[in-house]
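Student: Turn this into a structure:
(one chain, ligands or ions: 2)
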Amino acid sequence: MASEPLIQLRNVTKTFGNGPTAFQALKGVDMEVNAGDFVAVMGASGSGKSTTMNILGCLDVPTSGEFLFRGHHVEQLGRDQRALLRRRYLGFVFQGFNLLARTTALENVELPLLYRGEDKKERHALGMAALDKVGLADWWDHTPAELSGGQQQRVAIARAIVTHPDVLLADEPTGNLDSERSIEIMELLSDLNRSSGITVLMVTHEPDMAAFARTIVHFKDGLVERIDERAVA
Ligand code: ADP
Ligand code: MG
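Tutor: Numbering: from 1, shown residues only. Ligands and ions are numbered 1, 2, ... in the order given. I've put the predicted structure just below:
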C-alpha cells in the first residue's frame with residue numbers, strides 16, 4: 001500500500017481582499033508532496049506560486065479547501081497550533097536571504113533555537129553543525145555584510161535546517177544570485193535532500209534550477225496546470 005503523502009492540498013482557493021476589489025489568487029489547487037521529494041514549483045509571475053508556498057509554510061491560510069500535513073487538517077488549526085507546526089516541522093529560505101545585519105552567521109543560525117528555548121551550549125553545537133553542513137563553519141563569526149550573496153543564502157539555509165525540519169520551503173532562493181552561485185545553492189539543496197532526507201519545495205523561474213528537482217509542478221492562473229515527474233540519476 002502506498003504511504004500517505006506528507007502534504008496534500010485539496011481544492012485550495014485563496015481570495016485577497018473582499019467586495020469589488022477581491023482577487024482570487026488560487027482557484028482550486030490540488031497538489032501532493034511525498035516525503036523525501038524534491039519539488040520545483042514553476043509558472044509565470046502572478047500564477048500563485050508564493051501564495052501556495054505561504055499556505056504550505058503556515059504563514060497564510062486558505063480561503064477554502066483542505067491542507068493536510070501528515071494527514072492532519074492544518075486548515076482547521078488555530079493560529080498558535082499553526083505556529084507550532086511551522087516551528088517544529090518547517091524551514092524557510094527566501095529570495096532576499098532575510099538575515100539579521102550586524103549579527104554573526106552563527107547567531108543568525110541559532111535564532112530558531114533561541115525561539116525554541118534551547119540553552120546556549122546546545123544552540124552553539126547545533127548552529128555550528130548546521131553551518132558545517134552548508135560549508136561555512138569557518139565563517140561563523142562573520143556578519144552578512146562580510147559575506148557574498150551565495151554565502152548569505154547558505155547561512156539562511158543553515159538557519160532553515162538547524163531545527164531538523166521535515167520540509168524546506170524556498171521561494172526563489174536563487175533569484176538574487178548569478179548562475180554559478182545559483183547552481184552551488186541547488187547542489188547544496190540536492191545534497192541536503194539526498195543525505196538528510198529533507199523534503200524540498202522550491203519556487204524557481206529558471207528551467208536550469210528546476211532541472212535539479214525530481215518533481216516539477218507547473219502553475220498557471222492560480223491552478224496547477226501540470227505535474228512532471230522526472231527520473232534523476
Ligand atoms: P507568484 O509568486 O506566482 O508570482 P503570487 O502568489 O505572489 O504569485 O500572487 C498571485 C496573485 O495574487 C498576483 O496577482 C498577486 O498580485 C496577488 N496577491 C498576492 N498577494 C496578495 C495580497 N496580499 N493582496 C492582494 N493580492 C495579492
Ligand atoms: Mg512569488
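Student: count of residues packed around the nearest residue to residue 36 once chain neighbours are set aside?
Tutor: Nearest-residue entry for residue 36: residue 197, 5.3 Å, with adjacent residues in sequence omitted and distances by Cβ to Cβ, 6 or more residues apart in numbering. Every C-beta, even on glycine, is put in place using the N, C-alpha and C of the backbone. Other residues within reach of residue 197 by the criterion other Cβ atoms under 10 Å amount to 10.
Student: Now do the buried residues in the one helix or strand residue 86 maps to.
Tutor: Under the criterion DSSP states H and E, the helix or strand holding residue 86 is helix 79-89. Of the residues in helix 79-89, those buried under the neighbour-count criterion (16 or more other Cβ atoms under 10 Å) are 82, 85, 86, 89.
Student: same question, stretch 38-51
Tutor: In terms of neighbour count (16+ other Cβ under 10 Å), stretch 38-51 has its buried residues at 38, 39, 40, 41, 42, 43, 47, 48, 49, 50, 51.
Student: and if you look at stretch 11-20?
Tutor: Of the residues in stretch 11-20, those buried (16+ other Cβ under 10 Å) are 12, 14.
Student: and it, how far apart are its ends?
Tutor: Taking Cα to Cα, to the nearest Å, the first and last residues of stretch 11-20 lie 23 Å apart.
Student: Identify the residues contacting that stretch?
Tutor: Contacts to stretch 11-20, defined as Cβ atoms under 8 Å, 6 or more residues apart in numbering, come from residues 22-30, 48, 51-52, 55, 60, 62-67.
Student: Is there proximity between that stretch and ligand 1?
Tutor: Yes: Stretch 11-20 is in contact with ligand 1 by Cβ under 6 Å from any ligand atom, via 16, 17.
Student: these two touch, right, residue 158 and residue 136?
Tutor: Yes: taking Cβ atoms under 8 Å as the definition, residue 158 is a contact partner of residue 136 at 6.8 Å.
Student: Does residue 230 touch residue 215 like I think?
Tutor: Yes: checked against Cβ under 8 Å, the pair residue 230 and residue 215 is within contact range at 7.2 Å.
Student: Of the two, which one has the most company?
Tutor: residue 215 (20 against 13).
Student: Restricting to C-alpha, output the longest helix along the chain in CSV.
Tutor: What stands out as the longest helix in the chain, according to DSSP state H, is helix 179-196. Coordinates of the C-alpha atoms in helix 179-196 are reproduced here as CSV (Å, rounded to 0.1, in the frame of the first residue of the first chain):
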residue,chain,number,x,y,z
SER,A,179,24.1,31.4,-12.3
GLU,A,180,27.3,29.9,-10.9
ARG,A,181,26.2,30.7,-7.3
SER,A,182,22.7,29.5,-8.1
ILE,A,183,24.0,26.1,-9.2
GLU,A,184,26.0,25.9,-6.0
ILE,A,185,22.9,26.5,-4.0
MET,A,186,20.9,24.0,-6.0
GLU,A,187,23.7,21.4,-5.4
LEU,A,188,23.5,22.1,-1.7
LEU,A,189,19.7,21.7,-1.7
SER,A,190,20.1,18.4,-3.6
ASP,A,191,22.7,17.2,-1.2
LEU,A,192,20.6,18.0,1.8
ASN,A,193,17.6,16.3,0.2
ARG,A,194,19.6,13.2,-0.5
SER,A,195,21.8,13.0,2.6
SER,A,196,19.3,14.2,5.3
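Student: what about the helices in this structure?
Tutor: For the chain, the helices identified by DSSP H occupy 49-56, 79-89, 105-115, 120-133, 149-161, 179-196, 207-210, in order along the chain.
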